[in-house]
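Asks: My questions are about this predicted structure, shown below with the sequence.
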Amino acid sequence: MMQTFLCPTCGTANRPTARFCQSCGSSLGLHCPHCGARNRSMAQFCQQCGLRLGAPLLQNRYQVLRPLAQGGMGTVYQAEDTQLFKRRCVVKEMLTHHLSPADRAEAERNFRREAALLATLRHPSIPQIYEYFVEGDRYYLVMEYVEGESLADRMARSGPLPEAEVFRYAAQICDVLVYLSTRRPPVVHRDVKPTNIILRGDPAQAILVDFGVAKPKAGRGQDTAAWGTMGYAAPEQAAGQAEPRSDVYALAATIYHALTGDDPGDHPFNFPALAKLSPRLRDMLGQALNQDADQRLNAQEMKAALSSLVAPEVPLLLRLLEAHTYKGFNRKTERPKGPPTHRFRTYDSAMYVCIRLANEEPTRQHEHQMFIQFYSPDGQLYRVRQRRKPIIVRPGQAEVYVSVFGLRISGTKVVNHLGSWRAIVFLDEQKLTELSFEVIR
């Protein structure tokens, strides 16, 4: 029996998808195709499931699914690309109709600058830009969708985080800041904070998002405005004088907040809970939070300081003796069916990571987990391969040999990924070694 929807005005039964009553003509609201709920006739998103209600495609391509964030300048949506196998993406929309002519021109310049800047950046911890376009008085930026929770959400859920976890996230963001500072001219993000750090995957990889106020820095001239978030913005940034070490200050304030639970936004430029931290950590954050930018750590120095803090804190039970990669190539010459004109050749490339480890605790049995991150020649994270079974080390075993199947690429993908690759090996969520190898024809 077909389901019906009763008109709240006259009680007539109507089709579930009807928008107006067939008897009295009253509005029945909008029917959500995802969950079946009824919504107000002017609603854009379903009040029950939050998904988009029958909106037209943006650029005849992007189907908006749900809002992710909203502010005075516009909205950030999750969407899918209908022309590329429904790939999930983020659509950032900027509205300018409510702004004065001067403010509108400034907002448009900032939005175009964000698009142009992201188009030049290639780093595993920076989201990739897909498209930039304008429809009417609305500006749109389409970017890679980073699935995961923000560091701010993680802190709200768990409170102060363990040092090892915070250091791992901080080292990954430090790597981004080193990359940005080596651009010519250097790039300043100007809004590093917990809400702009997304934790993707397991174990989590920290991704730095929202480059809306980022700007190339040429010399020490004054910025047009003082951007940033109070409590995380460095003193010189609050005065409109941001530089690469301003991002180091913001990252140090983020580390402080994650470790202590004390929000620096409540008392800018003052970090009273530093005294609760260990002396080495307190000294490192003190240098990174120096009020004088010239006396502050740069991104490379902070990354080295974080590494020195992590190394002695969590000793591994297995020590690396040697590591190398092995690459095997297998050619398939033709299809089993079809005329000769349809025959083809493909190349398969399989990469193995082989390592030899020394057992630091040979008197008892223990086990470890291993995974590998592969980075293609253009710096993109290509695939993460988890070892399916733990590495079991039995009593009396002095050395351990491990051969891990890492990555297989086939067909034309091999041609598209020729060049120098990197493989980073992690053992128990700690970086064990980094290898480089060539993929050739």
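Replies: Cool, got the structure.

Asks: Distance check, Thr433 against Ile355.
Replies: Per CB to CB, to the nearest Å, Thr433 is found 7 Å from Ile355. C-betas here are computed from N, CA, C, even on glycine.

Asks: More neighbours: these two, which one.
Replies: Taking other CB atoms under 10 Å, Thr433 and Ile355 do not tie; Ile355 has more neighbours (23 against 15).

Asks: Would you confirm that the more buried one contacts Ala423?
Replies: No: the criterion here is CB atoms under 8 Å, and Ile355 misses it with Ala423 at 10.7 Å.

Asks: so Phe371, which of the three states?
Replies: Secondary structure for Phe371, judged by DSSP: H, G, I helix; E, B strand; the rest coil, is strand.

Asks: Test my guess that it contacts Ala423.
Replies: No: using CB under 8 Å, Phe371 is not in contact with Ala423; the gap is 10.8 Å.

Asks: Helix or strand next in line after the lowest-mean-pLDDT helix or strand in the chain, which one?
Replies: Within the chain, no helix or strand scores below helix 412-416, which has a mean of 52 by mean pLDDT, DSSP states H and E. Proceeding N to C from helix 412-416, the next assigned helix or strand is strand 419-427, under DSSP states H and E.

Asks: If you count neighbours, what's buried in whichever strand or helix holds Pro67?
Replies: Element membership for Pro67 (DSSP H and E) is strand 62-71. Using 16 or more other CB atoms under 10 Å as the test for burial, strand 62-71 gives 62-65, 67.

Asks: which one of these is nearest Ile126?
Replies: Among the buried residues of strand 62-71, Tyr62 lies closest to Ile126 (CB to CB), at 21.1 Å.

Asks: who's in contact with Cys297?
Replies: Just to correct that, residue 297 is Leu rather than Cys. 245, 248, 284, 287-288, 290, 305 (CB atoms under 8 Å, 6 or more residues apart in numbering).

Asks: mind redoing it with 7 Å?
Replies: 248, 287-288, 305 (CB atoms under 7 Å, 6 or more residues apart in numbering).

Asks: Is it located within a strand, as I assumed?
Replies: No: using three-state DSSP, the assignment for Leu297 is coil, not a strand.

Asks: When Phe371 and Ala423 are compared, which one has more neighbours?
Replies: Ala423 (22 against 18).

Asks: Show me what the more buried one bridges to in the sheet.
Replies: Here Ala423 shows beta-bridge partners Phe374, Leu435, assigned using DSSP bridges.

Asks: Show me the helices in the chain, by range?
Replies: Here the chain has its helices, by DSSP state H, at 101-120, 151-158, 163-181, 235-238, 244-260, 279-288, 299-313, 412-416.

Asks: got TSV for those, with distance to Pro268 and mean neighbour count too?
Replies: Listed next are those as TSV, based on distance: least, CB to CB, whole Å; neighbours: other CB atoms under 10 Å:
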stretch	distance to Pro268	mean neighbour count
helix 101-120	24	15
helix 151-158	17	16
helix 163-181	20	21
helix 235-238	8	19
helix 244-260	9	26
helix 279-288	16	17
helix 299-313	20	16
helix 412-416	48	13
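
Asks: for the protein, which residue is closest to the average position?
Replies: Ile207 (3.1 Å; CA atoms, centre = their mean).

Asks: beta partners of that one?
Replies: Here Ile207, judged by DSSP bridges, has bridge partners Ile198.

Asks: still on that earlier bit, I'd like to know which of the helices of the chain has the weakest mean confidence.
Replies: Mean pLDDT across the helices of the chain is lowest at helix 412-416; the value there is a mean of 52.

Asks: For Glu147, see how far away Ile372 is.
Replies: Plainly put, Ile372 is 21 Å away from Glu147 if you go by CB to CB.

Asks: In contact with the closest residue to Arg154 other than its chain neighbours, which residues?
Replies: Nearest in space to Arg154, with sequence neighbours left out and distances taken as CB to CB, 6 or more residues apart in numbering, is Leu199 at 6.1 Å. The contact partners of Leu199, by CB under 7 Å, 6+ apart, come to 148-149, 151, 154, 206.

Asks: re earlier: what helices or strands is the strand holding Pro67 leaning on?
Replies: Under the contact criterion of 3 or more CB pairs under 7 Å, 6 or more residues apart in numbering; DSSP states H and E, strand 62-71 touches strand 74-81, strand 87-95.

Asks: Of those strands, which is nearest Arg364?
Replies: Among the helices and strands packed on strand 62-71, strand 87-95 sits nearest to Arg364 (CB to CB), with 45.5 Å.

Asks: Which neighbours in the sheet does that closest one have, and how are they oriented?
Replies: The pairing partners recorded for strand 87-95 under DSSP bridges are strand 74-81 (antiparallel), strand 138-144 (antiparallel).

Asks: Of those strands, which is nearest Thr12?
Replies: From these, taking CB to CB, the stretch that ends up closest is strand 74-81, at 36.1 Å.

Asks: Sort out which residues of the closest one are buried, please.
Replies: Neighbour counts over strand 74-81 (16+ other CB under 10 Å) mark 74-81 as buried.
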